[in-house]
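A.B. asks: build me a model from this:
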Amino acid sequence: MTKNKQIFLISLFIYLCISVAVRAGEYHLLPKPQQFTPSISNFVLDRVKLSTPVLRSEWEAFVSERGGVIDAKARAGIEVKLVSSLPGVSLNADEAYLLTVESKKIKIEAVSERGVYWAMQTLAQLQDVCSKKVIFQGCDIVDWPAFRVRGFMQDVGRSYISMDELKREIAMLSRFKINVFHWHLTENQSWRLESKVFPMLNDSINTTRMPGKYYTLQEAKELVAFCKAHNMMLIPEFDMPGHSEAFVRTFRHDMQSPEGMKILKLLLEEVCDTFDVPYLHIGTDEVQFTNPTFVPEMVTYVRAKGKKVISWNPGWHYKPGEIDMTHLWSYRGKAQPGIPAIDSKFHYLNHFDTFGDIVALYNSRIYNVEQGSDDIAGTIAALWHDRLVDSEWNMVLENNFYPNMLALAERAWRGGGTEYFDRNGTILPSEDSEEFNAFADFEKRMLWYKKHYFKGYPFAYVKQTNVKWNITDAFPNGGDLGKAFPPESEFKQTYVYEGKEYATRSATGAGVYLRHVWGKMVPSFYKDPKENHTAYAYTWVYSPKNQEVGAWVEFQNYGRSEMDLAPLPGKWDYKGSRIWINDKELLPPVWTATHRQRSNEIALGNENCVARPPISVHLNKGWNKVLLKLPVGKFSIPEVRLVKWMFTTVFVTPDGERAVEGLIYSPDKTK
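C.D. replies: Residues are numbered from 1 along each chain as shown. As a prediction, this is how the structure comes out:
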């Protein structure tokens with residue numbers, strides 16, 4: 001081969017790689033950087049010179065795992081520099097970075113190792129493959145987080161989660177710049193950290209759920225180190241003086257008693273010696289304070305051990321200087337000037353459904369501000385395991401953990417948002433709106449990562465921005481949930497019933513709340529939903545062929561913090577919900593939970609649609625008719641404390657892994 005031909009082939013190869021890489025939609029960065037400029041100067045990974053003052057072993061692994069070779073004489077290189085400041089970075093500079101990808105050089109600048117680590121995660125997301133060669137897509141990035149706390153919480157005090165699973169979550173989420181793991185270690189059910197001072201605290205007799213399951217002190221140290229290696233801060237929580245029945249069972253003393261305080265201080269000394277972390281979370285929520293010196297004394301004691309202290313709000317009342325950070329829970333939580341706050345008010349994933357709540361989470365600002373400040377530190381999404389879920393897989397799956405965390409990762413890094421769970425809430429706005437387009441773009445990138453990063457992970461979400469419905473005004477049913485109304489006979493834009501006109505409005509999504517689980521605090525399809533009404537949702541689904549598909553269908557997403565009972569045999573729920581496909585009624589599955597007494601200690605069965613195999617459905621070639629009947633009685637009933645007036649319907653592959661390709665959801669049969 002002549003030299004000119006070699007040059008031509010190399011040039012052609014590079015051109016083809018560039019052409020592939022810069023096609024519209026090929027950048028899948030998540031979270032999106034603050035400032036991003038694409039270019040066509042892609043970097044082809046081969047032999048590279050590496051220059052870095054930090055994370056050298058991590059960079060060497062980064063290159064070698066992708067088939068590259070470190071060579072001090074190579075012409076192409078990766079150059080990392082620590083600098084005193086970064087132009088254009090407005091806040092949180094310690095996590096910021098500049099990243100430039102050119103044909104012969106990848107250049108990174110940051111003021112700290114943390115910024116370099118995040119630049120590495122972004123570079124990994126720029127990776128593409130062309131003719132079996134790894135390339136990194138050309139660009140210039142200036143990036144920083146809008147909020148300094150971007151985290152998730154696992155409630156292992158109630159339900160033990162293995163070290164392997166916790167590490168899996170931490171490692172994956174660090175790739176999307178999540179930087180805090182909140183470890184809720186103690187509860188009424190169990191004290192999950194080993195104590196060598198008081199080993200009886202871990203005895204099975206003092207544990208009411210998952211006895212014998214706890215973390216050794218060595219495992220705790222190991223997880224701290226694992227978090228640090230993934231640029232994540234671990235915040236251990238030891239809840240006091242409430243949520244402490246495991247403590248009381250063991251010692252026969254309330255935490256607020258003089259004897260309880262002496263014991264607790266010995267435990268806290270052991271805890272502080274174990275955790276090489278800056279913060280200790282002490283809880284203080286949902287409890288009657290009987291000892292006015294308890295909380296101030298414990299804060300002083302922990303601070304004397306070299307830790308900063310976090311406390312729930314609502315909880316103990318602090319003035320600036322008396323606590324290092326507050327953690328807001330429930331709608332009543334309020335940030336205080338002079339005290340940094342973490343927002344978890346509407347971030348309880350254990351109440352979220354699969355499709356509706358992620359819309360509100362993605363669109364909503366953190367504590368209703370554009371970006372963080374000294375007083376607003378960021379947000380933590382919480383997984384409370386009040387209700388027993390019998391497998392780690394389902395704990396993650398039914399809480400829609402990874403999709404929700406990717407939504408939070410982008411919002412907490414980018415900042416901004418359009419509301420605070422209070423305007424559109426869980427409802428997608430019209431397709432010509434900026435909000436819809438932003439969510440659709442996020443959804444597209446998220447599903448790309450589902451395909452390329454999350455194989456073998458519990459990740460049930462499928463595309464929903466193409467799923468369109470007409471939903472009627474609600475008809476008064478007078479408490480008769482089986483009562484029939486005109487939409488059962490034909491699809492129309494308006495109906496007249498008993499002299500009154502009932503219109504239809506469009507909605508988009510695989511899951512739609514007619515009334516949210518938290519009532520009017522989070523807006524849903526109906527502005528003012530009323531009890532004892534019946535709604536209908538309908539659409540047509542075009543299938544390019546005759547095919548057997550699966551259907552995710554549910555009318556009450558079961559929260560993982562409720563004792564709710566599964567429906568009676570042959571019923572979808574306690575509301576009388578029904579669904580017909582091509583005028584054939586789709587019957588519910590056989591419910592695996594058959595108990596009739598409400599209990600948090602009886603595990604959820606197959607109540608939630610993603611926790612069971614999809615229902616087998618035949619779609620005809622052409623248009624298929626889908627009708628949902630959606631009655632509701634009372635918004636709280638003996639069997640279900642928080643009735644969700646809602647529905648989920650979407651067609652998926654028979655294994656439930658993906659949405660069925662080529663379908664068109666259209667209430668007016670428009671392709």
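
A.B. asks: only C-alpha atoms for contact and neighbour calcs from this point on.
C.D. replies: Fine.

A.B. asks: list the contacts for the closest residue to residue 122 other than its chain neighbours?
C.D. replies: Spatial nearest neighbour of residue 122, chain neighbours left out: residue 29 (7.1 Å); criterion: Cα to Cα, 6 or more residues apart in numbering. Counting by Cα atoms under 8 Å, 6 or more residues apart in numbering, residue 29 makes contact with 122, 125-126, 445.

A.B. asks: and residue 173, its phi and psi?
C.D. replies: Dihedral pair for residue 173: phi -70, psi -20, per degrees, to the nearest 10.

A.B. asks: that one and residue 93, how far apart?
C.D. replies: For residue 173, the distance to residue 93 equals 21 Å [Cα to Cα, to the nearest Å].

A.B. asks: give the contact list for residue 90.
C.D. replies: By Cα under 8 Å, 6+ apart, residue 90 lies in contact with residue 144.

A.B. asks: ok, now with 10 Å
C.D. replies: With contacts defined as Cα atoms under 10 Å, 6 or more residues apart in numbering, residue 90 is in contact with 96, 143-146.

A.B. asks: same question, residue 174
C.D. replies: 117-118, 121, 151, 180, 227, 229-232, 409.

A.B. asks: give me the distance from the helix or strand hosting residue 36 to the chain's centre.
C.D. replies: Residue 36 belongs to strand 35-38 when assigned by DSSP states H and E. Strand 35-38 sits 26 Å away from the centroid of its parent chain (Cα atoms, centre = their mean, to the nearest Å).

A.B. asks: stretch 184-191 now?
C.D. replies: That offset, for stretch 184-191, works out to 23 Å (Cα atoms, centre = their mean).

A.B. asks: residue 332 contacts residue 314, correct?
C.D. replies: Yes - here residue 332 reaches residue 314: they are 6.7 Å apart, a contact under Cα atoms under 10 Å.

A.B. asks: which one's more surrounded, these two?
C.D. replies: residue 314 (20 against 9; other Cα atoms under 10 Å).

A.B. asks: which residues touch the nearest residue to the more buried one once chain neighbours are set aside?
C.D. replies: Spatial nearest neighbour of residue 314, chain neighbours left out: residue 333 (5.4 Å); criterion: Cα to Cα, 6+ apart. Contact analysis of residue 333 by Cα under 10 Å, 6+ apart lists 312-315, 326-327, 341-345.

A.B. asks: and the helices in the stretch 201-350 of the chain?
C.D. replies: Secondary structure of the stretch 201-350 of the chain, counting by DSSP state H, counting those that start in this stretch: helices at 217-229, 245-251, 258-274, 294-304.

A.B. asks: most packed of these?
C.D. replies: helix 245-251 (a mean of 20; mean count of other Cα atoms under 10 Å).

A.B. asks: and that helix, how far out from the chain's middle?
C.D. replies: Relative to the chain's own centre, helix 245-251 is displaced by 33 Å; criterion: Cα atoms, centre = their mean.

A.B. asks: hmm, who's touching it?
C.D. replies: Counting by Cα under 10 Å, 6+ apart, 157, 186-192, 198-203, 205-208, 240-241, 252-255, 259-260, 263-264 sit against helix 245-251.

A.B. asks: 8 Å instead, please
C.D. replies: Helix 245-251 has contacts (Cα under 8 Å, 6+ apart) with 187-191, 200-201, 206-207, 253-255, 260.

A.B. asks: same deal with stretch 348-361?
C.D. replies: For stretch 348-361, contacts defined as Cα under 8 Å, 6+ apart pick out 347, 381-385, 398-401, 403-404, 407-408, 421, 424-428, 439, 460-461, 464, 509-513, 517, 557-561, 648.

A.B. asks: from those, which ones fall inside helices?
C.D. replies: Under the assignment DSSP state H, the contacts of stretch 348-361 contribute 398, 401, 403-404, 407-408, 439 to helices.

A.B. asks: where do the strands sit along the stretch 51-200 of the chain?
C.D. replies: Along the stretch 51-200 of the chain, the segments classed as strands by DSSP state E, counting those that start in this stretch run 69-70, 77-82, 97-101, 105-110, 127-130, 133-136, 139-143, 149-155, 180-184.

A.B. asks: by mean pLDDT, show me the worst of the ones you listed.
C.D. replies: Confidence, taken as mean pLDDT, is least for strand 127-130 of the strands of the stretch 51-200 of the chain (a mean of 88).

A.B. asks: relative to residue 372, how far out is the residue nearest to residue 314?
C.D. replies: Distance of residue 333 to residue 372, given as Cα to Cα: 17 Å.

A.B. asks: if we can go back for a sec, can I get the strands of the stretch 51-200 of the chain in TSV including distance to residue 546 and mean neighbour count?
C.D. replies: Output for the strands of the stretch 51-200 of the chain, formatted as TSV (distance: least, Cα to Cα, whole Å; neighbours: other Cα atoms under 10 Å):
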stretch	distance to residue 546	mean neighbour count
strand 69-70	51	18
strand 77-82	53	20
strand 97-101	47	25
strand 105-110	50	22
strand 127-130	36	17
strand 133-136	40	20
strand 139-143	45	20
strand 149-155	43	24
strand 180-184	47	22
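
A.B. asks: in JSON lines: the ones you listed, plus distance to residue 572.
C.D. replies: Shown next, in JSON lines, are the strands of the stretch 51-200 of the chain (distance: least, Cα to Cα, whole Å):
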{"stretch": "strand 69-70", "distance to residue 572": "58"}
{"stretch": "strand 77-82", "distance to residue 572": "58"}
{"stretch": "strand 97-101", "distance to residue 572": "51"}
{"stretch": "strand 105-110", "distance to residue 572": "55"}
{"stretch": "strand 127-130", "distance to residue 572": "45"}
{"stretch": "strand 133-136", "distance to residue 572": "49"}
{"stretch": "strand 139-143", "distance to residue 572": "48"}
{"stretch": "strand 149-155", "distance to residue 572": "30"}
{"stretch": "strand 180-184", "distance to residue 572": "35"}
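
A.B. asks: between those strands, which one is nearest to residue 40?
C.D. replies: When the strands of the stretch 51-200 of the chain are compared by Cα to Cα, strand 139-143 sits nearest residue 40, at 7.7 Å.

A.B. asks: how far out from the middle of the chain is the closest one?
C.D. replies: 26 Å.

A.B. asks: using CSV, write out the CA atom coordinates for that strand.
C.D. replies: Taking C-alpha atoms only, strand 139-143 is exported to CSV below (Å, rounded to 0.1, in the frame of the first residue of the first chain):
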residue,chain,number,x,y,z
CYS,A,139,-16.5,19.6,22.2
ASP,A,140,-15.8,22.5,24.6
ILE,A,141,-17.4,22.3,28.0
VAL,A,142,-17.5,24.7,30.9
ASP,A,143,-19.4,22.9,33.7
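
A.B. asks: for it, name the packing helices and strands.
C.D. replies: strand 35-38, strand 97-101 (3 or more Cα pairs under 8 Å, 6 or more residues apart in numbering; DSSP states H and E).

A.B. asks: include distance to residue 569 when you put those strands into a markdown table, please.
C.D. replies: As requested, these are exported to a markdown table (distance: least, Cα to Cα, whole Å):
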| stretch | distance to residue 569 |
| --- | --- |
| strand 35-38 | 54 |
| strand 97-101 | 57 |
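
A.B. asks: tell me which of those lies nearest to residue 499.
C.D. replies: strand 35-38 (57.2 Å).

A.B. asks: partners of the following helix or strand past that closest one in the sheet?
C.D. replies: Sequence-wise, the next helix or strand downstream of strand 35-38 (DSSP H and E) is strand 43-44. Strand partners for strand 43-44, identified by DSSP bridges, are recorded as strand 133-136 (antiparallel).

A.B. asks: nice, that's everything, thank you.
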